[in-house]
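A.B. asks: Here is my input, please return the structure:
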Amino acid sequence: MRALLVQAATSPTYWGYQHSLPFIRKRATLPPLGLATLAAHLPASWELRIRDLHLAPLSEADLRWADAVLVSGMLVQASAIHEVLALAARRRKVTVVGGPAATTSPGAFPEATHVFQGEAEGRLDLLVRALEAPGSAPERILSPPGLERPDLALARVPRFDLLDLDAYATFALQVSRGCPFTCEFCDIIEVFGRAPRVKSPEQVLAELEALRALGARGPLFLVDDNFIGNRRAVSTILPKVAAWQRAHGSPFDLYTEASLDLADEPELLRSMIDAGFTAVFVGIETPNPAALAEAGKKQNLRVDPAASVRTLTRAGLEVFAGFIVGFDSDDDTIFERQRRFIASLPIPRAMVGTLLALPGTALWRRLEREGRLRARPTGDQFDRPNFAPAMGEETLVAGYARLLEALFDEEAYFARCALHLDEVPFRPAPLRPGSLATLCRAVWRLGILGSRRRWFWRLVGKGLRRGAVPGLARAVTLAILGEHLIRYTREDVLPRLSRRLEDIQAEALREAPSPHAAAPHPGALGVSSGGMAAPARATAAAAP
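C.D. replies: All right, here's what the predicted structure looks like:
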């Protein structure tokens, strides 16, 4: 059996860092860890290829070679999944769709021969039989009922050898699945459960060693949705990871996702720093306590978010964070409140999205009961909201555009970088392969030719004053990241949000009860050379 495992591609996003990758000579941000994990659990007798469409289009040669095509992706990649399935169908290949999109929306891919929902460990027997004997399985759904959340003791070392590791900016592995909290908008607890399952220390070390043996060095993302969800288990893993790192010359700079209350766990935080963690993503969401209570994010109500961010920063971590606007308890003041709140914190990478109702979440079920759902989500953060927001759709989209434009203005972004450099301590770190060449490209493109030269050199100077070589490295890294965040906001995000506003306003005009209804002020959608001009006069009409 020859199985072609395909990772669907995503259009440019904030997380893709498409404008930053050329500085480090990489082609994509993260490898498809899910497919590498699946490959480890397929029969050893099968021939396998992994193809990531972020690196290159699917080739005719690969399609001819394959007996079966297995494609994975998220909802935001649904169009790319459909394209792969169509290509395979035209060549009469058996197809299977799996991954997050198929797990939460199995009916969204009717053209697939089969659908697989959920995790792979211990659950592939039916899929293997169906592919080894095409036509023998009448079922479209090949994931067995029950055991949807297998014991991670069954997990095998992913087939990292099937990946082109040199093409990626960072490497990836997973330690745990699941989260103990009950955030209304989150689908992680629906898919992976509220009892976090954790690999053993031996399993984690085996995966680290597998990557090291293949030559991997540098950033390594532990993709857990809440790394500290099971704190007792993680506290036994971290000292062993720290010892392994010391024994092998600290090959990896680790980063992960965790709940904000990590700041209240000083021993756990010290253990993470000792193990080589340099950054953490946290979900702050909002400075609006009513919205946190509404969303069931009680853990954030028990902490001071600003103090927590500073605690994490002063421990040695770069904090990057997620924020949300559009909760029912938000009004049109939330955008300026978010801007001021974020501007006061050492968070260069402040990722803001509008509230999205994902299938299967508690939020989806509530909005369905209230009759407010309008469409299944595309996963595209800059598409129109898939439910009727309480503040009105036009107010939400216009305010969101103003907020993003303000956050990723050069002055604002580099000011947050400076706050980070002011507070973070620097530790000696090994020189990573390619670092000097990256520095030279950054100095030439950003410091000499770039339009943001003034901010670049100001940040570099601060980094040098704070930590010599480590400070310089951090400052240049943040400047490179900022090149993507600033350009992507101006060149992609703001024009797209402008078009969304035009759609909303045109729809409102069509549905207006009288032909004499006032038209939107023409200044509401002005587009400047920097993107969308602040739509200060945008009307606050209720969503249709």
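
A.B. asks: By residue count, tell me the biggest helix in this protein.
C.D. replies: helix 453-488 (DSSP state H).

A.B. asks: Report the buried residues of that helix.
C.D. replies: Going by neighbour count (16 or more other CB atoms under 10 Å), the buried part of helix 453-488 is 455-460, 462-463, 466-467, 470-486, 488. The way it works is simple: take the backbone N, C-alpha and C, and place the C-beta from them, glycine included.

A.B. asks: low-confidence ranges in the chain?
C.D. replies: 147, 514-544 (pLDDT under 70).

A.B. asks: go again using 80 as the cut-off
C.D. replies: Judged against pLDDT under 80, the low-scoring parts of the chain cover residues 135-138, 146-148, 375-379, 512-544.

A.B. asks: Could you list every helix and strand in contact with the longest helix of the chain?
C.D. replies: Counting by 3 or more CB pairs under 8 Å, 6 or more residues apart in numbering; DSSP states H and E, the packing neighbours recorded for helix 453-488 are helix 21-24, helix 410-423, helix 435-442.

A.B. asks: Which of the three states applies to the residue positioned nearest the centre of the chain?
C.D. replies: Centroid-nearest residue in the chain: Trp15, 5.8 Å away (criterion: CA atoms, centre = their mean). Taking DSSP: H, G, I helix; E, B strand; the rest coil as the rule, one finds Trp15 in the coil state.

A.B. asks: Confirm for me that it is in contact with His54.
C.D. replies: No - taking contact to mean CB atoms under 8 Å, the distance of 11.6 Å between Trp15 and His54 leaves them out of contact.

A.B. asks: Which parts of the stretch 101-250 of the chain are helices?
C.D. replies: When secondary structure is read from DSSP state H, counting those that start in this stretch, the stretch 101-250 of the chain shows helices at 125-132, 188-192, 201-213, 231-247.

A.B. asks: To Gly107, which of those lies closest?
C.D. replies: Closest to Gly107 of the helices of the stretch 101-250 of the chain, according to CB to CB: helix 188-192, at 16.4 Å.

A.B. asks: Which strands and helices lie in contact with the closest one?
C.D. replies: Of the remaining helices and strands, those touching helix 188-192 by 3+ CB pairs under 8 Å, 6+ apart are helix 100-104.

A.B. asks: Please report the number of neighbouring residues for Val319.
C.D. replies: Neighbouring residues of Val319 were enumerated by other CB atoms under 10 Å; the total is 28.

A.B. asks: and the gap between it and Leu142?
C.D. replies: According to CB to CB, to the nearest Å, Val319 stands 41 Å off from Leu142.

A.B. asks: With Thr489 instead?
C.D. replies: Using CB to CB, one gets 41 Å for the distance from Thr489 to Leu142.

A.B. asks: and what of Leu55?
C.D. replies: As defined by CB to CB, Leu55 lies at a distance of 27 Å from Leu142.

A.B. asks: and those two? which has more neighbours close in?
C.D. replies: Set side by side, Leu55 and Leu142 show unequal neighbour counts under other CB under 10 Å, the larger going to Leu142 at 22 against 16.

A.B. asks: Phi, psi for that one please.
C.D. replies: The phi and psi values for Leu142, taken as degrees, to the nearest 10, are phi -100, psi 0.

A.B. asks: For the residue nearest to Leu33 when sequence neighbours are not counted, give me its contacts.
C.D. replies: Among residues not flanking Leu33 along the chain, Ala172 sits closest, at 4.4 Å (CB to CB, 6 or more residues apart in numbering). By CB atoms under 8 Å, 6 or more residues apart in numbering, the residues touching Ala172 are Leu30, Pro31, Leu33, Leu220, Phe221, Leu222, Val223.

A.B. asks: what's the answer for Asn386, then?
C.D. replies: Neighbouring residues of Asn386 by CB under 8 Å, 6+ apart: Leu356, Ala357, Leu373, Arg374, Ala375, Arg376, Pro377, Thr378.

A.B. asks: at 7 Å instead, please
C.D. replies: Asn386 sits next to Leu356, Ala357, Leu373, Arg374, Ala375, Arg376, Pro377 when contact means CB atoms under 7 Å, 6 or more residues apart in numbering.

A.B. asks: Report the separation between the nearest residue to the fifth one once chain neighbours are set aside and Leu152.
C.D. replies: Meaning Ala375. By the measure of CB to CB, 6+ apart, the closest residue to Ala375 outside its immediate chain neighbours is Asn386, 4.9 Å from it. Computed with CB to CB, the distance linking Asn386 and Leu152 is 33 Å.

A.B. asks: And for Pro266, the neighbour number?
C.D. replies: Using other CB under 10 Å, Pro266 has 11 other residues around it.

A.B. asks: any idea where the helices of the stretch 301-450 of the chain begin and end?
C.D. replies: Counting by DSSP H, counting those that start in this stretch, one finds helices in the stretch 301-450 of the chain at the ranges 305-315, 334-343, 362-369, 393-407, 410-423, 435-442.

A.B. asks: Helix 334-343 and the fifth one, what's the angle between them?
C.D. replies: Meaning helix 410-423. Relative orientation of helix 410-423 versus helix 334-343 (axes from the mean of the first three to the mean of the last three CA atoms, to 10 degrees): 40 degrees.

A.B. asks: Can you tell me what sits against helix 410-423?
C.D. replies: Outside of helix 410-423, the residues within contact range by CB under 7 Å, 6+ apart are 310, 313-314, 318, 343, 345-348, 406, 452, 455, 458-459, 462-463, 466, 471, 474-475, 478, 482, 485-486.

A.B. asks: same check, this time on stretch 22-34
C.D. replies: Taking CB under 7 Å, 6+ apart as the rule, stretch 22-34 contacts 7, 15-17, 21, 50, 52, 54-55, 72, 99, 158, 163, 165, 167-174, 221, 223, 434, 438, 441-442, 480.

A.B. asks: one more time with 6 Å, if that's ok
C.D. replies: Counting by CB atoms under 6 Å, 6 or more residues apart in numbering, the neighbours of stretch 22-34 from elsewhere in the structure are 7, 16-17, 52, 54-55, 72, 99, 163, 167-170, 172, 438, 441-442, 480.

A.B. asks: so how many other residues sit close to the closest residue to Glu47 other than its chain neighbours?
C.D. replies: Beyond its immediate neighbours in the sequence, the residue positioned closest to Glu47 (CB to CB, 6+ apart) is Arg2, lying 4.5 Å away. Residues contacting Arg2 under the criterion other CB under 10 Å number 12.

A.B. asks: Leu75 too?
C.D. replies: Around Leu75 sit 22 other residues, with neighbours defined as other CB under 10 Å.

A.B. asks: Any figure for the gap between Asn386 and Val493?
C.D. replies: Asn386 sits 18 Å away from Val493, taking CB to CB as the criterion.

A.B. asks: swap in Thr104?
C.D. replies: Remark: distance between Thr104 and Val493 (CB to CB) = 25 Å.

A.B. asks: what does Tyr14 give?
C.D. replies: Relative to Val493, Tyr14 is positioned 8 Å away (CB to CB).

A.B. asks: Please apply the same query to Arg500.
C.D. replies: To Val493, Arg500 is 11 Å away according to CB to CB.

A.B. asks: More neighbours: which of these two?
C.D. replies: Neighbours per residue (other CB under 10 Å) separate Arg500 from Val493, with Val493 holding more: 23 against 20.
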